[in-house]
Every structure is written in structure tokens, then in C-alpha cells.
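> okay, here's the prediction I keep looking at, along with the sequence it came from:
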Amino acid sequence: MSSSALAAKSPDMPRDEITLVGDYLWDRAYAREVDRLSSSSYLIPANILMENAGKGVAEAVREVGVDDTPVIVLAGSGNNGGDALVAARYLAEAGCEVHVYLVWGDGAQPSPLCAEQMRILTALGHELKPWRAGVLTRFAKSEPIVIDGVLGIGCAGALAEDSPLFRALTEAAGLRDVTVVAVDVPSGLDADTGDRQQVPLDADITITFGGYKPAHLLAPARDLCGEVIVLDIGFPAAARDAALAVHKPLIVRPEPAELVLMDPWEELPRSANKYDRGHVLVIGGSPGKTGAPLLAAMSALRAGSGWASVAMPQSATATLRGEVPREIVFEGLFDGEQLNALKLERFLAERKVRAVVVGPGCMQSPLSPDTATVLSHFTGERGGFVVVDAGATQGLAALVSAVELTPETWVATPHPGEWSRLGPEFDFTPLSPSGVKQAAALAERLGIALLYKGATPLLLTGNPQAPAFVVAEGTVALARAGSGDVLAGVIGAHGAAGLASSVAALRSQVAVAWAARLASEQVGKQAVLARDVMAQLGHIDLLLDAGGDEMDEDDDLGDDD
């Protein structure tokens, strides 16, 4: 399903004319509505959907490699348990050694669908045993496969440690070399918020139905899910579309390959010059921290911009050491430690700057009310683009509240540590339904898009009609100093090429993540430096034919600063 139109390919076009394709993350309310409509309006029996789900889980378990390995099925009393019981039946009928344990809370009664699956298994002669403390110790040395079907996406709130559910899951977690396959989500994990409280049994593989849930992609909850496999169990497209009219999820995962194909430099005329590609100005640096603005500027060039300039405080320039890229032009826009608003305004106009990246390498924000006003005019009257990164994010909310901005041309890129320093109103995490709504309202009020650079970056576009976006394409190779500087420069290049902040930020994340994968192949995943990522930015299209839009099971875009 596709999201709103969010960007344009040319600086001469409005920045809101490209349709961005992606899939909603199925939160609890949406998943339940799709399930309900599939049966009530489109007459697909619920037990057929459960049959398809359980069969898919069984097939995934067999692909793990069962052989003589015992399979322990922990089945709760709800429909998640019913899915697990269907999987148990298929595995048993295939000749696998299957042991089914009913893990229910005190006084729990099975749902109608779960009860039906219990009757089917019993009629076929398969034994169902209630879980009792210590019953799994017989498998202590068996290296079993455990199917976790205790709790599904309906779980909200922490499991009580004295509950039989918690104790059964904990007992399974204590088995040696156990392989865990979770049905929908690891039991105890809140599918909507990613709340990790009381999740006793991490999954190696999670099998989910219809679409990714927020907890599958949002860090750190995603670490508990292992490899996530999404199965089509027969929800009709009509039910998915109709459910959107009842409840629209808050987060979209854009299609990464479509973002890569959205190349703003691809149709440059043969007569194009450096200004057509876009001039990016990077303002940043502090004593001993001059590498960050240089990385941002060089990354803008590697991404596709035609010219990159750097302005640093004089104290930072005095500490420049080693090889300085010859492609970078340095500009004296500071008076000592103070960014001069008049010099900045003149330079932006005379040198045809299209994008400004401010903050890399700064310990304090170089912005002032006067320079914020200059940048406001730059974006509002001249169609420029601004990226606020690193140290420049400190106190940003108060600063930009005094000027008129549009979120299509401004984006701030705080990592989790910088998020709360944007302003006192940012004393929350955006990684929850309430957090997404709160952050989206702030982005709209401030007139600036917000990119929360966690392990799976979350983008709030500043448009109240648009969802939030999450890109889950990263790799642990990016959990290194300098990755954020590279990303800031790449976003600046895309903004200079005419993309709106939303698509500029999203395409840049995919570009950096895919470049990191290519760099890993060259130097090894644990040895990738920011400069290695930067060097591969021009080759990301190589991953299109190689299925680069599929996540590796160890993907994780780490905090980059």
C-alpha cells in the first residue's frame, strides 16, 4: 500500500510531487481490523487463516532443519496458541518429534479457535500436556527447537514474574543451545511500542502474518525478534484497504529499492555544470574535531553534489591536521568563534548555495537568532535546504520557534542523546504510538522534519497528513563514529538536488546503509570506516539486482555518534 506524495525531482518543481511507495507497519488495531474484515466482510473463515498461519510456521521450522531434533511447542490459550497448535500438527504429521505443552494463566479458557485446534490434535491421537515447573528439563541436553506461541500481538503490559507464562518461557530460555521460533512476536513483547519489559525468551526467528509490526523493526525491540519472516496467509487486499478507513497505522516502511531508483541526478543534461548538481555548504567543526565537517562535505560530493564548501570557527581551522581533501573549498564565515550572519547571507547568494549542513563536529551550536533568520530567508525566499546535525541541534526548538520555516526544506537529525537537547518539550522517546504523535505535532509546530537517528531511524515529516517513516536497511558496520556526518552530508546533497526533506532523508539513509554493505564486502564488517562508506556511495545501484532491499538478519543501524 502506498503513502502520500512527498518529494520532487527538480529544484524547479514544487517539492511535493513524487509518490513514495511503502508498506504500513501493522499495529495491533490495524491487524485486528484486517483479521475481522477478512472474515466478516470477505467471508474467509478465521480457521482457514489460522490453518495457513500454522502451516507457514511449520514450514519455517522445517527449513531450520529438524532432523532428530525435538520440537517443543508452547501454546497459550489465545489464537496465537491456536497457530502454534496447527504448526504442531503439521510437524507431527511430517514425522517430527513434537511435544505440546499448554501454557495458560490461572483460570484461562481457550479461545474458540484454539479450542478447535486442541480437539483436532486430540482426535488425531496427539498428546497435549499442561506445562508444569521442571517439565522441560528432560530436554536440557537435546538442543531443541521451541515454538513460542504463548502470547501474540494482543499482549500489552509486563508479564508478572510469578505467572506460569513467565516461568514456562524462562524455563525454555534456560535450555542449552535452544532455537526459538516465535509466532508473531516473542511472548511479552508489546508489538506496538516495542516495550521490552519481561520478555523471557528471545527469538532466533519470528514468523509474522500480513505485515511487519512496529516491534519487528524499531530498535531495541527488534533485537529480541531475530530474523523476521512475513507470511501471506490470505488476507485479501480488499480487507487491508478497507481497514485503513477504520484505523490507519502511524508508521510506514518505504520500499528501499524504489528510493534508490529515485535518483535526482540521473536526468542531468549533458551540459550540466556544478551548480546544476548543487552547491552544499557545511558549517561546523571545533578544536580537534575538524574531521566531521570534512566527512560531511566529501559525502555530499560523493553522493552527487557539484560543489562543497566548509566554514569552521577559527579555533577549529587552527587545528586542521593531516591530509585535507583538495576538493573542499574553505570559507571565512566566522568572526573568531561567531558565525557572521552578513557574511553567511552574502555567501549563500553569491555562490548559489542550495543546501546548508550545520553542526557536524560542533560542541556548541553555531546558530544564533540572526543566522537562523538568514537561513529562514534562504529556504523560504530562495528555495534552499537546511540540515541541522550534531551540536547544532542543541536548543534548536527555541531558536526556530522565532522564525518561519517549512518542513519540506528543514530537517534536524538528532541521535537519541541529542533528541532531549532539542528543547525541554523533547523529554520523551518517539518510539511508541504516543511518542510518534507527540513528535509529529512538534515537527509540525516548529516547521521542521525530525529524523531520530536510532538503530532504526524514525522520520517525522512535519506534515500532519503523512505517517512517520522507518528505514530498517542498516548494518552493524554503521555503528561507528562518523556515520552520522556522512549521512548529514548525503541528505544535504539530496536537498540541494531538489528533493524535499522527507525523501531526501529517506533516500540518504538507504544510500548510506547500502554503501556500508558494499564497504563491508571490501574491508570486512567490523573494519568499516566512515570514509569506506563514503567511497561506496556511487555504487549502491549494484545492490538493486542483488536484492539489496532485503534485510540481512544481522542488520542494525547503530547510533552513529
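Sure, I can see it.

> low-confidence stretches in the stretch 401-550 of the chain?
Scanning the stretch 401-550 of the chain with the threshold set as pLDDT under 70 gives 546-550.

> mind running it again at 80?
454-455, 545-550 (pLDDT under 80).

> and P416, what does it touch?
With contact taken as Cβ atoms under 8 Å, 6 or more residues apart in numbering, P416 is in contact with 429, 452-454, 559. C-betas here are computed from N, CA, C, even on glycine.

> can I see the domain layout of this structure?
Domain assignment for the chain by automatic domain parsing gives 45-233, 274-509.

> ends of stretch 153-172, what's the gap?
End-to-end distance of stretch 153-172 (Cα to Cα, to the nearest Å): 20 Å.

> list the buried ones in that stretch?
Across stretch 153-172, burial judged by 16 or more other Cβ atoms under 10 Å covers 153-155, 159, 164-169, 171-172.

> which helix of this protein spans the most residues?
Of all the elements of type helix in the chain, the one with the most residues (DSSP state H) is helix 501-523.

> dump the contacts of P416 to CSV, plus distance to A398.
Below are those laid out as CSV (distance: Cβ to Cβ, whole Å):
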residue, distance to A398
T429, 21
Y452, 19
K453, 21
G454, 24
D559, 25
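
> which one of those has the most neighbours?
Per-residue neighbour counts (other Cβ atoms under 10 Å) across these peak at K453, which has 27 neighbours.

> which non-adjacent residue is nearest it?
Among residues not flanking K453 along the chain, H415 sits closest, at 4.4 Å (Cβ to Cβ, 6 or more residues apart in numbering).

> residues near D545, how many?
That count, for D545 with other Cβ under 10 Å as the rule, works out to 8.

> try K525
A count of neighbours around K525, defined by other Cβ under 10 Å, yields 14.

> quick check, the residue nearest to K453 in contact with G454.
Yes. With contacts counted by Cβ atoms under 8 Å, H415 reaches G454, the gap being 7.2 Å.

> picking up where we left off before, which ones among the contacts of P416 map onto strands?
Y452 (DSSP state E).

> go through the contacts of P416 and name the one nearest A221.
Nearest to A221 among these is G454, at 11.1 Å by Cβ to Cβ.

> tell me if I'm right that the closest one and A221 touch.
No. Using Cβ under 8 Å, G454 is not in contact with A221, being 11.1 Å away.

> quick one: secondary structure of the closest residue to S520 other than its chain neighbours?
Nearest residue to S520, sequence neighbours excluded (Cβ to Cβ, 6+ apart): A477, at 4.9 Å. The local conformation at A477, judged by DSSP: H, G, I helix; E, B strand; the rest coil, is helix.

> among the domains of the chain, which comes closest to V21?
Nearest to V21, of all the domains of the chain, is domain 274-509, at 11.2 Å by Cβ to Cβ.

> how far off centre is the closest one?
A distance of 20 Å separates the centroid of the chain from that of domain 274-509, by Cα atoms, centre = their mean, to the nearest Å.
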